[in-house]
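Q: Sequence and predicted structure below; questions after.
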Amino acid sequence: LSVRSSRAELRRDPSGLLTSRSTQVDVVAHAFDLASLQAFTPDSNEAIQGHLTADFSLHGGNPPTVVRGTFALTDGSLKPAGINQALAPIVLSGTANASGIVVEELAVGPADARVDGRLGLGWPGTDSDDLSGELHFAGYTLRWPGVAKGKLEGALALSGSFRAPSVAGNLVLSEVSIQLPESGAAEMKEIRVRTGGDDSDALSLREEESASPLDPVALDLDVELKSNSWVRGRGVEAEIKGAVDVAKRPGGALTYAGVLQTVRGTYEIYGRRFQIQKARARLDGGGELDPILDVRALHRVRAIRILALLEGRLSDPRLRFESEPELSETDIASYLILGRPASEAGARDQATLQSAAAQIGAGLAGNELERVLGSRLPIDLIDVRFEEGEARDKELAVGVGKYVGERTFLRYDRRFGREPVDEIHAEYRLTPRW
């Protein structure tokens with residue numbers, strides 16, 4: 001970084017102080033390392049890197065009234081506070097004039113998964129600090145290590161001012177994988193799941209003592225979650241899809257409205273694997289991620305169909321069971337725990353409990369297979385379970401599934417019993433709704 005030339009005309013004002021009637025400063029930067037400016041960046045930025053090349057001229061009085069120049073950034077990286085992923089690599093170029101800065105080219109991320117855009121920004125602190133521009137996302141990969149990852153597409157429009165920006169647009173999330181961490185895991189330190197009526201347990205980003213940089217921002221976002229997005233962990237393995245509107249007024253809190261639902265999935269309750277028939281989580285426009293649940297899951301024991309119904313808010317869910325044919329609560333519990341009606345409980349309970357433990361082990365094995373193989377094999381679903389055989393013994397069943405394109409899902413199942421059975425299923429979605 002160097003000052004190519006500098007000239008100032010000085011005069012003494014009536015008080016005796018020297019002032020500048022006119023200035024001319026030319027500044028040149030060649031591959032200037034932005035990391036050296038880290039100490040001067042706002043607290044909202046945890047890290048900044050990159051190499052800046054610029055050529056600026058400032059002419060006029062005090063302050064200068066004419067600014068001309070060009071700039072370019074390569075190998076850039078920005079790590080905003082509160083976000084687990086650095087924005088990198090960043091490449092941008094543009095010009096500056098007396099009105100402000102124009103970023104004519106902006107690219108964030110690798111060539112095959114990036115954010116492109118154009119920005120215009122008036123000089124901060126002036127009456128003309130208007131903001132304008134647009135950002136386009138093309139397969140940009142989002143990662144929250146240990147918790148979630150996915151691809152982002154869509155477009156955002158920027159408006160307002162530097163002091164009060166406004167962001168609006170449509171975003172599409174695809175191939176999302178959400179791993180529900182165990183309670184107390186390191187990934188949970190920055191997020192808290194609402195588990196009771198106390199507001200202190202609400203799902204939220206880690207609170208900071210200083211004001212959030214999002215306070216003056218206005219948001220109006222339509223976010224679509226496409227199918228082939230999965231939630232796994234804590235006994236859940238479910239494919240989900242849906243749409244959520246995210247909104248915010250300047251100085252206000254984020255609000256969420258929309259519905260997420262399952263395409264297929266399983267959930268383990270008391271060591272028994274339930275097939276999810278229907279699951280909806282509705283966000284009603286409030287400021288908390290505390291959706292209203294409507295879940296229906298099925299488990300078969302012999303000729304008994306046991307339904308698990310989960311209703312109410314995530315903060316205070318109500319779980320109840322029904323059966324077909326209708327059974328007492330005692331018999332339903334006995335079928336879930338022992339695999340037989342209460343009237344048959346007796347000396348054989350130990351063997352039945354062992355088979356129940358085998359079912360639990362099957363679920364754990366499935367989760368372990370997914371963890372070990374899921375990232376290495378070109379498949380989207382791994383399912384390992386024990387099912388009732390014709391002789392009421394437990395038979396191992398294994399299933400794998402894969403999306404072929406956006407609308408076709410293929411699944412292969414094999415049951416290992418006295419007579420092995422192979423099944424192939426194909427699902428095709430005609431429209432986004434069917």
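A: Arrived safely, thanks for sending. Numbers count the residues shown, from 1 in each chain.

Q: tell me the contacts of Ala168?
A: Contacts for Ala168 (CB atoms under 8 Å, 6 or more residues apart in numbering) come out as Leu156, Ala157, Ser159, Leu219, Asp220, Leu221. Every C-beta, even on glycine, is put in place using the N, C-alpha and C of the backbone.

Q: Tell me the buried residues in stretch 407-420?
A: Phe409, Leu410, Arg411, Asp413, Arg415 (16 or more other CB atoms under 10 Å).

Q: again, but for stretch 143-157
A: In stretch 143-157, counting by 16+ other CB under 10 Å, buried: Trp144, Val147, Ala148, Lys149, Gly150, Lys151, Leu152, Glu153, Gly154, Ala155, Leu156.

Q: Stretch 71-88 now?
A: Phe71, Leu73, Gly76, Ser77, Leu78, Pro80, Ala86, Ala88.

Q: if we can go back for a sec, go through the buried residues of stretch 143-157 and name the one nearest Arg234.
A: Val147 (12.7 Å; CB to CB).

Q: where does the stretch 51-200 of the chain dip in pLDDT?
A: Applying pLDDT under 70 to the stretch 51-200 of the chain flags residues 60-66, 81-84, 124-127, 181-200.

Q: where along it do the strands fall?
A: 66-80, 87-96, 100-108, 114-122, 131-144, 148-160, 165-179 (DSSP state E, counting those that start in this stretch).

Q: Which strands or helices does the fifth one pack on?
A: In terms of contacts (3 or more CB pairs under 8 Å, 6 or more residues apart in numbering; DSSP states H and E), strand 131-144 is packed against strand 100-108, strand 114-122, strand 148-160, strand 165-179.

Q: can you put these in JSON lines and add distance to Glu288?
A: Listed next are the helices and strands packed on strand 131-144 as JSON lines, based on distance: least, CB to CB, whole Å:
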{"stretch": "strand 100-108", "distance to Glu288": "30"}
{"stretch": "strand 114-122", "distance to Glu288": "29"}
{"stretch": "strand 148-160", "distance to Glu288": "19"}
{"stretch": "strand 165-179", "distance to Glu288": "18"}
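
Q: Backbone dihedrals for Phe40, please?
A: Per-residue torsions, Phe40: phi -100, psi 0 (degrees, to the nearest 10).

Q: how far away is it from Leu34?
A: Counting by CB to CB, to the nearest Å, the gap from Phe40 to Leu34 is 10 Å.

Q: Which one's more surrounded, these two?
A: A direct count of neighbours by other CB atoms under 10 Å for Phe40 and Leu34 places Leu34 higher, at 18 against 7.

Q: pLDDT below threshold where in the stretch 251-400 of the chain?
A: Ranges of the stretch 251-400 of the chain meeting pLDDT under 70: 345-379, 382, 384-396.

Q: redo that, cut-off 50
A: By pLDDT under 50, the low-scoring segments of the stretch 251-400 of the chain are 350-377.

Q: quick one, strands of it?
A: With DSSP E, counting those that start in this stretch as the criterion, the stretch 251-400 of the chain has strands spanning 255-269, 272-284, 292-301, 304-313, 318-324, 381-388, 394-404.

Q: Format these as TSV; extra columns: mean neighbour count and distance to Thr53.
A: Below are the strands of the stretch 251-400 of the chain laid out as TSV (neighbours: other CB atoms under 10 Å; distance: least, CB to CB, whole Å):
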stretch	mean neighbour count	distance to Thr53
strand 255-269	19	42
strand 272-284	18	46
strand 292-301	18	54
strand 304-313	16	54
strand 318-324	13	61
strand 381-388	19	49
strand 394-404	17	44
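
Q: can you put the ones you listed in JSON lines and add distance to Asp116?
A: JSON lines is the format used below for the strands of the stretch 251-400 of the chain (distance: least, CB to CB, whole Å):
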{"stretch": "strand 255-269", "distance to Asp116": "27"}
{"stretch": "strand 272-284", "distance to Asp116": "30"}
{"stretch": "strand 292-301", "distance to Asp116": "38"}
{"stretch": "strand 304-313", "distance to Asp116": "40"}
{"stretch": "strand 318-324", "distance to Asp116": "47"}
{"stretch": "strand 381-388", "distance to Asp116": "34"}
{"stretch": "strand 394-404", "distance to Asp116": "27"}
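
Q: That's all I had, so thanks and see you.
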